[in-house]
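Visitor: No letters, just coordinates:
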């Protein structure tokens, strides 16, 4: 299938090309979780309201349920007088009706009796036996939440592929939805390289480095609602890489090789991709900096995706942030990844030097109304620690002078 392989495509073009060649979106398995366990996971389906909320009209204050028109003009000096016809206990269904000139005692959260359309707060009233003095007028609907006012039955609450979080927890709980269907997309992460040692290695020999990429990759994937499994480190050896990659692909939908696109192991990774089924390797390089040596392959029939990332930490991070998350979103049929909160243009706080012909991403630090580049080498592990996002220089822009607007992606 070598005729399908594209060399060094622009990032957006690469996303569209891979999605088309692999026929995204793919069907993904689902499973059901209780709400607390589902926090941080992606929804497998749209969720609609199965009932009105509140299910009955409720008072938001302790006071008296009245007809608003009966309080018209009421004030401290000119109160109105109503007849108290009863009390609505908490948790009870009202068995009385409020008619003209009448009122009923209600409590915060309690049901509103038929006929009433507002609640006068208790502090604006006095009562003697069954006569209520009202010293403040109320408008229709005041101090009341009407049935279905918050959520109407049938309303779309949450969209498929969105991430379930604290903002929707009480919404679903209040509607009696205690379990939801979640996308069962799992990603296996394999680090590669003879020089790479486990992150918990207490003493690193000269020439070796700890595996810093797999945890970063896993953290980003978990933030996007995917399951992550780490498979350790493969040596720069085709047999070892093939064995670990095949194991990861058997157990996951997606496998990411960190360091599998460097010069020393690039050919091994390509060989692995060309042995996973049709079409195999489809993309050999992105026209971005850092992150050019990125590889993508897949098995369309078995719905398996294999990605090879650069080994340098910043390069690996940039490709994950700007390409891989978007590719996974396309794979599951989501509109976009959820990482980037907004993309803005703001003045540069200093000159930013780029080079034309390649899309560049630079860690960005905001300072008031300006942005400063955090110039870092691709091998740095601290490049993103204080960053607020990334400065993006498109292929046709080379240098940004201080004070000129520059595109910034904020997370």
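Guide: Looks like it arrived, so ask away. Fair warning: this is a prediction, and the values are worked out from it, not measured in the lab.

Visitor: Return the distance of residue 99 relative to residue 73.
Guide: 20 Å (C-beta to C-beta, to the nearest Å). C-betas here are computed from N, CA, C, even on glycine.

Visitor: ugh, typo on my part, it should be residue 333
Guide: In terms of C-beta to C-beta, residue 333 sits 59 Å off from residue 73.

Visitor: burial measure for residue 210, as a count.
Guide: Neighbour count of residue 210, defined by other C-beta atoms under 10 Å: 14.

Visitor: Distance-wise, check it relative to residue 195.
Guide: 10 Å.

Visitor: more crowded one of residue 99 and residue 73?
Guide: residue 99 (13 against 8).

Visitor: Pretty sure that one sits against residue 116.
Guide: No - between residue 99 and residue 116 there is no contact under C-beta atoms under 8 Å: 9.6 Å.

Visitor: quick one: common contacting residues for the two?
Guide: Shared contacts of residue 99 and residue 116 (C-beta atoms under 8 Å, 6 or more residues apart in numbering): residue 67.

Visitor: Low-confidence regions, the stretch 301-411 of the chain specifically.
Guide: Applying pLDDT under 70 to the stretch 301-411 of the chain flags the ranges 337.

Visitor: can we see that at 80?
Guide: Applying pLDDT under 80 to the stretch 301-411 of the chain flags the ranges 336-339, 341, 379.

Visitor: ranges for the strands of it?
Guide: In the stretch 301-411 of the chain, the strands defined using DSSP state E, counting those that start in this stretch lie at 304-309, 342-347, 352-353, 359-367, 370-373, 389-393, 399-400, 405-410.

Visitor: The ones you listed into a markdown table, with extra columns for mean neighbour count?
Guide: What follows is those, written out as a markdown table (neighbours: other C-beta atoms under 10 Å):
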| stretch | mean neighbour count |
| --- | --- |
| strand 304-309 | 27 |
| strand 342-347 | 13 |
| strand 352-353 | 18 |
| strand 359-367 | 20 |
| strand 370-373 | 21 |
| strand 389-393 | 23 |
| strand 399-400 | 17 |
| strand 405-410 | 18 |
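
Visitor: Residue 107 is nearest to which of these?
Guide: Nearest to residue 107 among the strands of the stretch 301-411 of the chain is strand 342-347; the distance by C-beta to C-beta comes to 43.3 Å.

Visitor: Quick one: the helices in the chain, in order.
Guide: With DSSP state H as the criterion, the chain has helices at 11-21, 35-38, 166-174, 213-223, 238-251, 263-273, 313-319, 325-332.

Visitor: looking at this protein, which helix or strand does the model trust least?
Guide: None of the helices or strands of the chain scores lower by mean pLDDT, DSSP states H and E than helix 263-273, at a mean of 80.

Visitor: That one packs against which elements?
Guide: helix 238-251, strand 279-286, strand 295-299, strand 304-309 (3 or more C-beta pairs under 8 Å, 6 or more residues apart in numbering; DSSP states H and E).

Visitor: Neighbouring strands - and their directions - for the third one?
Guide: Read it as strand 295-299. Strand pairing for strand 295-299, using DSSP bridges, gives strand 279-286 (antiparallel), strand 304-309 (antiparallel).

Visitor: And that strand, how far out from the chain middle?
Guide: Distance of strand 295-299 from its chain centroid, counting by C-alpha atoms, centre = their mean, to the nearest Å, is 25 Å.

Visitor: Any buried residues in it, and which?
Guide: Buried residues in strand 295-299, counted by 16 or more other C-beta atoms under 10 Å: 295-299.

Visitor: Redo those as a markdown table? Include distance to residue 185.
Guide: Shown next, in a markdown table, are the buried residues of strand 295-299 (distance: C-beta to C-beta, whole Å):
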| residue | distance to residue 185 |
| --- | --- |
| 295 | 20 |
| 296 | 17 |
| 297 | 18 |
| 298 | 14 |
| 299 | 16 |
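
Visitor: Name the nearest of the residues you listed relative to residue 305.
Guide: Nearest member of those to residue 305, counting by C-beta to C-beta, is residue 298, at 4.8 Å.

Visitor: How much space separates that closest one from residue 291?
Guide: Going from residue 298 to residue 291 by C-beta to C-beta gives 19 Å.

Visitor: For the most centrally placed residue in the chain, which non-adjacent residue is closest in space?
Guide: Nearest residue to the geometric centre of the chain (C-alpha atoms, centre = their mean): residue 338, 4.0 Å. In this structure, residue 338 finds its nearest non-sequential neighbour in residue 163, 5.7 Å apart by C-beta to C-beta, 6 or more residues apart in numbering.

Visitor: I'd guessed that neighbour sits against residue 180; true?
Guide: No - counting by C-beta under 8 Å, residue 163 stays clear of residue 180, with 11.8 Å between them.

Visitor: what residues are shared contacts of the two?
Guide: The contact lists of residue 163 and residue 180 share residue 43, where a contact means C-beta under 8 Å, 6+ apart.

Visitor: Tell me which of the strands paired with strand 295-299 sits nearest to residue 323.
Guide: Closest among the strands paired with strand 295-299, using C-beta to C-beta: strand 279-286, at 6.3 Å.
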